[in-house]
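> Sharing a model that was predicted from the sequence below.
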Amino acid sequence: MLRTFVCAAAALALAAAVGWSEEKGKDAKHHRHHAHFVRANPDATPPTVTFRTRHKGKVHEHTLPLAPHAKIFGEKHDAETLKQFAEKMAKEKDKAIRIVEDREQKHIVEIDDLPPRKEKPKGK
């Protein structure tokens with residue numbers, strides 16, 4: 001009885017993992033990237049954001065326009081305008097952000113300011 005229950009739970013977990021991995025494939029709705037903020041141009045039409053990503057050891061700089069319905073969140077996950085976001089990022093030492101692009105990777109649909117990484121204690 002216990003063995004049947006454990007096997008059923010394992011099969012369910014495997015099916016959920018396969019479904020999740022298929023969702024991240026080419027048919028995924030959005031593309032997510034961890035990046036470093038470079039600059040934003042809120043006065044452009046449409047507003048643009050420039051950021052750097054690292055892929056296979058190389059740094060790439062991208063400039064993409066914001067989608068009309070784009071969401072911008074600060075470090076505490078509060079909604080902000082692009083101008084407020086750019087001003088706060090200019091003052092930060094750690095410029096880590098998360099960019100969410102649309103399926104075609106032509107527009108930014110969401111930007112999140114990531115909290116600073118905690119330094120590991122040295123020595124011990």
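Nice, I can see it.
> so residue 109 touches residue 72, yeah?
No - using CB atoms under 8 Å, residue 109 makes no contact with residue 72, being 10.3 Å away. In short, each C-beta sits where N, CA and C put it, glycine included.
> of the two, who's got more company?
Per other CB atoms under 10 Å, whichever of residue 109 and residue 72 has more neighbours is residue 72, with 23 against 18.
> The more buried one belongs to a helix, doesn't it?
No - remark: residue 72 does not belong to a helix; assigned using DSSP: H, G, I helix; E, B strand; the rest coil, it is strand.
> Show me what it is bridged to.
residue 111 (DSSP bridges).
> likewise residue 98?
Assigned bridge partners for residue 98, using DSSP bridges, are residue 34, residue 112.
> Tell me how many other residues crowd it.
Residue 98, neighbours per other CB under 10 Å, totals 14.
> Tell me how far it lies from residue 46.
According to CB to CB, to the nearest Å, residue 98 and residue 46 sit 20 Å apart.
> Residue 69 contacts residue 109, correct?
Yes - if you go by CB under 8 Å, residue 69 and residue 109 touch, sitting 7.1 Å apart.
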